[in-house]
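Undergrad: coordinates only, sequence not included:
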């Protein structure tokens, strides 16, 4: 491990500020979380994007949300092939071990991952088609969504549609996991499709009756 | 998509509260984030655990950290096999597209994923050995760490050692990605190994000179 | 007062959200409530249990319900002995000062207080029999109910019966307060016995004709 | 039970509305709450007053706060005399059984209970001095606070001071309970003194350093 470096000074300072305030004022809560384990109310699957923090939007405290973050908030389809599947493992842990009652999939505007998929599929980013491109191979999950929406003429509209449809595709993939389907059918789990417009500070949810994303 | 449900009422209320305060007071910043894209200062790889929010510990604002969260904050070794690799895709995006100058891997105490790996490897959780167990297959990444530490007699100490060594194993795996190694060697990227004691509110970092985790 | 600590940050955030939305949008109403005092439509006596909020179930706005919450939603019998009686004081204030037209006593499933009384009376929790046990002495109010129902063989049924009969016992105790009895007899006050099944989201009321709790 | 009446129609309607929306959309959460019991983050001691609902101010969902409500949000001093003590029982349950990490005592403006105590102590409400007055005997808990503040010339200021000092008196009484003191001293519990100005929609907390209530 000849590469690990000490933390940058500004982060040391912030950590010490957190410790002297938030932690000290809530010591008993942190101790209890350590002793009794977590009982989160929801799993959230959201993007790594630095502009979308679900803890901020939903004012979450420590202990509330079990959060998996990956590029473009994707859920791959169920594939029990013995390989490493980080998203599938997180799902399995949340549903079968923590028994979370809600899963929220939160997409967002201006998503770099969705843009990458779009450019790859439309021939503008051939480097992403290479076998060795992890971004490309990950975004393959969204390829069928691109194909369904390729007819939309306006690029900005096409990208936005891909962001929203991508959330629905992830919800469909969610349901291919037997433990998810069973929990949903037993009434032990509900799933939610959300999309955040970063610049407008707006969150939309998918409404089954209207078959559309509507303002929350 | 006959399964998507509206957002629970308490989350609607919290979102509206966030929108009327944090968002409204920082509208210009969110607009700029939407228009100019993200320029995060660091990538963080941390656990999905609901008790460890790096945005809280490091007081992060929108736009600062590109955050990947998976079970037990693992980085798998470089494997350009054409499969979906969520963690590798996030890494590639952060390093080659966003050119983040720091990567923080943040482990923590009382980690359910590490406990699962420990129980699987010590024969106490045979169900995790099955091919179809996503948790088990994901935690295979940490199996060599278990084997190196199996000699530690006290279970609590063994688990804590696995949590910390797991962070170092992830740093080692990080360096197997050519784009990471090149960025580190070019001085464009520094990597940091961290571990958070939930109940004590303490963060430790790996110090290369001392070959040990020390308090920040 | 060397012990008071500032409010945890997540509650500060939620309060500010409430203030920027609910309060700001209803400023005139809050101002009027402050100036003219309260004129609630009902007094509710319910349990402290965090899972049963009458404001949620009955969509209550500020100003509507005068709410007393204690362990197991009990009303002790009338005892004008000069001691502190929190429940009796709340009752007297609601009926003689606020002249509420309704009193609702709301019991619920899975009640920890009722379970404690059951275990104490059946010899399984001798520590609750001690004079110094506030929980035990408070739950003594329900002891006659236990005795009437001890013959029910199945424990889950016995507990459920105690929860419901406990509400009726409280209604009987209510009527031992002269100011309650007079208001009821004058037609100025009606009283209601309710029971909430948390997991089923169902509320039942006591029907005098059927001599049973029926779905609302 | 010849007195129990069916629920008023408007409450039946609201309950059915809650059931068809909030409950149905969160069925899994309610089921889990019923099965796994409550793990609240805080106990709140607040007034019965219909204008102050902590669930609203702090956007609380089911499961978050264990709430005891009595006239004037009082905590009586520790008195293990074998009598029924509803507040003491609630405290004992929250601290020793639920092991809540926070207790919030929330006072408020325009408090009828505090006004009653004030009028009683200043000779304006002799009926409250009678042994049979439950309100008077309950408000006796606040009598020492009145005496300390009787010198304040302006009545509105005196009342406000009593409301705030009353919260501090309750915190002092809290500390007379051995199980509270031990939990605070062990770092397992923190206590908070709050006061809500109804008309201004403002919450203040007691700051130990400033020895004053400050805006949150």
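TA: Right, received. Where do you want to start? Treat the numbers as computed from the prediction; the structure is a model and nothing was measured.
Undergrad: CA only for contacts and neighbour counts going forward, please
TA: OK.
Undergrad: mind checking the longest helix of chain A?
TA: Longest among the helix segments of chain A by residue count, using DSSP state H, is helix A:155-174.
Undergrad: in contact with the residue nearest the centre of chain A, which residues are there?
TA: Within chain A, the residue whose C-alpha comes closest to the C-alpha centroid is residue A:46; the distance, by C-alpha atoms, centre = their mean, is 1.9 Å. Residues in contact with residue A:46 (C-alpha atoms under 8 Å, 6 or more residues apart in numbering or on different chains) are A:54, A:67, A:68, A:69, A:70, A:72, A:73, A:74, A:105, A:106, A:107.
Undergrad: take the residues you listed and keep only those in strands.
TA: Within these, membership in strands is found for A:67, A:68, A:69, A:70, A:105, A:106, A:107, as judged by DSSP state E.
Undergrad: hang on, the earlier thing: could you export the contacts of residue A:46 as TSV, including pLDDT, distance to residue A:91 and neighbour count?
TA: TSV is the format used below for the contacts of residue A:46 (pLDDT from 0 to 100; distance: C-alpha to C-alpha, whole Å; neighbours: other C-alpha atoms under 10 Å in any protein chain shown):
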residue	pLDDT	distance to residue A:91	neighbour count
A:54	94	18	18
A:67	98	10	29
A:68	98	9	29
A:69	98	12	29
A:70	98	13	29
A:72	97	16	29
A:73	97	13	27
A:74	97	12	30
A:105	98	12	27
A:106	98	15	26
A:107	98	17	28
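Undergrad: show the overlap between these and what lies near chain B.
TA: Of the entries in the contacts of residue A:46, the ones placed beside chain B under the rule of C-alpha under 8 Å from any C-alpha of the partner chain are A:67, A:68, A:69, A:70.
Undergrad: do I have it right that residue A:39 meets residue A:98?
TA: Yes - judged on C-alpha atoms under 8 Å, residue A:39 makes contact with residue A:98 at a distance of 6.7 Å.
Undergrad: how close does the residue nearest to residue A:149 when sequence neighbours are not counted sit to chain B?
TA: Computed as C-alpha to C-alpha, 6 or more residues apart in numbering or on different chains, the closest residue to residue A:149 that is not its neighbour in sequence is residue A:158, at 6.5 Å. Applying C-alpha to the nearest C-alpha, to the nearest Å, one obtains 17 Å for the distance of residue A:158 from chain B.
Undergrad: wait, what's in contact with residue A:158?
TA: The neighbours of residue A:158, taking C-alpha under 8 Å, 6+ apart as the test, are A:149, A:150, A:152.
Undergrad: just the buried ones from these, in ChimeraX syntax?
TA: What follows is the ChimeraX syntax for the buried subset of the contacts of residue A:158, where burial is set by 16 or more other C-alpha atoms under 10 Å in any protein chain shown:
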select /A:150
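Undergrad: point to the helix or strand of chain A where mean pLDDT is at its lowest.
TA: Averaged element by element with mean pLDDT, DSSP states H and E, chain A has its least confident helix or strand at helix A:24-25 (a mean of 86).
Undergrad: which residues does that one contact?
TA: Counting by C-alpha under 8 Å, 6+ apart, helix A:24-25 makes contact with C:5, C:6, C:7, C:8, D:190, all of which sit outside it.
Undergrad: list just the nearest of the ones next to chain B among the contacts of residue A:46 to residue C:85.
TA: The shortest separation between residue C:85 and any of those is 46.6 Å, and it belongs to residue A:67 (by C-alpha to C-alpha).
Undergrad: what strand or helix carries the residue lying closest to residue A:135 once chain neighbours are set aside?
TA: The shortest distance from residue A:135 to any non-neighbouring residue, by C-alpha to C-alpha, 6+ apart, is to residue B:89 (4.5 Å). Here residue B:89 is covered by helix B:86-92, with elements defined by DSSP states H and E.
Undergrad: and residue A:116, by the same measure?
TA: Under the criterion DSSP H and E, the helix or strand holding residue A:116 is helix A:112-121.
Undergrad: list the buried residues for that helix?
TA: Along helix A:112-121, these residues count as buried under the neighbour rule (16+ other C-alpha under 10 Å): A:112, A:113, A:114, A:115, A:116, A:117, A:118, A:120, A:121.
Undergrad: any chance of a markdown table for those, columns pLDDT?
TA: Compiled in a markdown table, the buried residues of helix A:112-121 are given as follows (pLDDT from 0 to 100):
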| residue | pLDDT |
| --- | --- |
| A:112 | 97 |
| A:113 | 97 |
| A:114 | 98 |
| A:115 | 97 |
| A:116 | 97 |
| A:117 | 97 |
| A:118 | 98 |
| A:120 | 98 |
| A:121 | 97 |
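Undergrad: which helix or strand contains residue A:50?
TA: Secondary-structure element containing residue A:50, defined by DSSP H and E: none, the residue being outside all helices and strands.
Undergrad: equivalent analysis for residue A:210, please.
TA: When elements are assigned from DSSP H and E, residue A:210 belongs to no helix and no strand.
Undergrad: please identify the helix or strand for the residue of chain A found nearest chain C.
TA: For chain A, the nearest residue to chain C under the criterion C-alpha to the nearest C-alpha is residue A:61, separated by 5.7 Å. Residue A:61 is part of no helix or strand, with elements assigned from DSSP H and E.
Undergrad: please parse chain A into its domains.
TA: If you go by automatic domain parsing, the domain ranges for chain A are A:1-37, A:38-215.
Undergrad: which one of those lies closest to residue D:194?
TA: Within the domains of chain A, the stretch nearest residue D:194 is domain A:1-37; the backing value is 14.9 Å (C-alpha to C-alpha).
Undergrad: buried stuff in that closest one?
TA: When neighbours are counted by 16+ other C-alpha under 10 Å, the buried residues of domain A:1-37 are found to be A:3-7, A:14-16, A:18-19, A:22-34, A:37.
Undergrad: and for stretch A:191-203?
TA: Along stretch A:191-203, these residues count as buried under the neighbour rule (16+ other C-alpha under 10 Å): A:191, A:192, A:193, A:194, A:195, A:196, A:197, A:198, A:199, A:201, A:202, A:203.
Undergrad: excluding its backbone neighbours, what's nearest residue A:3?
TA: In space, residue A:3 comes closest to residue B:191 once its chain neighbours are excluded; the distance is 6.6 Å by C-alpha to C-alpha, 6+ apart.
Undergrad: just checking, the one you found touches residue B:106?
TA: No - the pair residue B:191 and residue B:106 fails to qualify as a contact (C-alpha under 8 Å) at a distance of 11.0 Å.
Undergrad: avg pLDDT for stretch A:200-216?
TA: Summarised as a single mean, pLDDT over stretch A:200-216 is 95.
Undergrad: now the ones next to chain B among the contacts of residue A:46 as a markdown table including distance to residue B:172?
TA: What follows is these, written out as a markdown table (distance: C-alpha to C-alpha, whole Å):
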| residue | distance to residue B:172 |
| --- | --- |
| A:67 | 25 |
| A:68 | 22 |
| A:69 | 22 |
| A:70 | 21 |
